[in-house]
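Asker: sequence unavailable; structure follows:
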């Protein structure tokens, strides 16, 4: 991490085994706004409730009307309206702010709980911070929650388990490290439609293949992931950088979360995630 403040956690999503961790206290005890990595929550809720279909389109107008220029889109101008998968890949704030108007605060709160936000992600004997989830009823408050800002706080460990849900098609395992494996590491099952899992994984894979997470790519390996850039809560106007993801998409064996203070997801967190993933697969002869 070259002196950067932040944390990294790497696991096997199919078992919960922690393969590497940097700054474990930050991983389990510090909660940050997750930024755009939280867009998987609204995506899943909207698909499960029928508030959006895989073929629905929304034209990005760059600046969300509900939130103003502070939340303008940073992706290149879109030549055509985005589908949900395309909006995930390009991290389109305009799309997700518009999507928030189709969802209730109660359904968004339930979706956050479904992915484990608001509940402590325990492991390695560390004290686990439960984070914080509050989704206001006002349209702007819902939009900010969908974008993972302000009233949504998660630990890196919580975010790792949330993305492991998508890697495993709903199985969530307790985080552990040899030789302290528990007899029954399965914590819970998250039930979503097969179509929901498929679309989210497609959007996350496209994020790494051609969207904001390209720096996390590995040649010859299908990587799924999401960048996030979230405003710091100290009033400094700085942002924190996130990347969360897993690989290979067809048979996940590694999941990871990177958070770096004072940075952006695409510029700072995704490149570090890419180095970790490339090192892992190079150690296997470059093959999944």
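Answerer: Now that the structure is in, tell me what you want to look at. What you see is a predicted model; the values in this text were computed from it and never measured. Residues are numbered from 1 along each chain as shown.
Asker: C-alpha only now, for contacts and for neighbours.
Answerer: Fine.
Asker: helices along the stretch 1-150 of the chain, start to end?
Answerer: With DSSP state H, counting those that start in this stretch as the criterion, the stretch 1-150 of the chain has helices at 24-29, 39-49, 84-90, 93-100, 105-114, 139-146.
Asker: where do the strands of the stretch 101-250 of the chain begin and end?
Answerer: Secondary structure of the stretch 101-250 of the chain, counting by DSSP state E, counting those that start in this stretch: strands at 132-133, 152-153, 171-173, 186-189, 224-231, 239-247.
Asker: same list, the ones you listed, but as JSON lines with mean neighbour count please.
Answerer: As requested, the strands of the stretch 101-250 of the chain are exported to JSON lines (neighbours: other Cα atoms under 10 Å):
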{"stretch": "strand 132-133", "mean neighbour count": "19"}
{"stretch": "strand 152-153", "mean neighbour count": "24"}
{"stretch": "strand 171-173", "mean neighbour count": "23"}
{"stretch": "strand 186-189", "mean neighbour count": "13"}
{"stretch": "strand 224-231", "mean neighbour count": "30"}
{"stretch": "strand 239-247", "mean neighbour count": "29"}
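Asker: and of the ones you listed, who's closest to residue 142?
Answerer: strand 152-153 (10.7 Å; Cα to Cα).
Asker: helices or strands up against that closest one?
Answerer: strand 132-133 (3 or more Cα pairs under 8 Å, 6 or more residues apart in numbering; DSSP states H and E).
Asker: out of the strands of the stretch 101-250 of the chain, flag the one nearest residue 52.
Answerer: strand 224-231 (20.2 Å).
Asker: so what touches the closest one?
Answerer: With Cα atoms under 8 Å, 6 or more residues apart in numbering as the test, strand 224-231 has contacts from 33-37, 88-89, 91, 148-150, 201-202, 204-208, 212-213, 237-249, 263-266, 269-270.
Asker: sheet partners, orientation included, of it?
Answerer: strand 239-247 (antiparallel) (DSSP bridges).
Asker: pLDDT of the strand it pairs with, averaged?
Answerer: For strand 239-247, mean pLDDT is 97.
Asker: where do the helices sit along the stretch 151-288 of the chain?
Answerer: 156-168, 194-210, 270-282.
Asker: pull the contacting residues for residue 275.
Answerer: Residue 275 touches residue 216, counting by Cα under 8 Å, 6+ apart.
Asker: related to what we said a few turns ago, buried among the contacts of strand 224-231? Need that as a selection in PyMOL.
Answerer: Buried subset of the contacts of strand 224-231, written as a PyMOL selection, criterion 16 or more other Cα atoms under 10 Å:
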select buried, resi 33+34+35+36+37+88+89+91+148+149+150+201+202+204+205+206+207+208+212+213+239+240+241+242+243+244+245+246+247+248+249+263+264+265+266+269+270
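Asker: still on that earlier bit, any chance of the helices of the stretch 1-150 of the chain in JSON lines, with distance to residue 274 too?
Answerer: Listed next are the helices of the stretch 1-150 of the chain as JSON lines, based on distance: least, Cα to Cα, whole Å:
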{"stretch": "helix 24-29", "distance to residue 274": "19"}
{"stretch": "helix 39-49", "distance to residue 274": "21"}
{"stretch": "helix 84-90", "distance to residue 274": "17"}
{"stretch": "helix 93-100", "distance to residue 274": "24"}
{"stretch": "helix 105-114", "distance to residue 274": "27"}
{"stretch": "helix 139-146", "distance to residue 274": "26"}
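Asker: single out the most deeply packed of those.
Answerer: helix 84-90 (a mean of 26; mean count of other Cα atoms under 10 Å).
Asker: ok so, going back, how about the helices of the stretch 1-150 of the chain, which one is nearest residue 221?
Answerer: Between those, helix 84-90 lies closest to residue 221; by Cα to Cα that is 17.3 Å.
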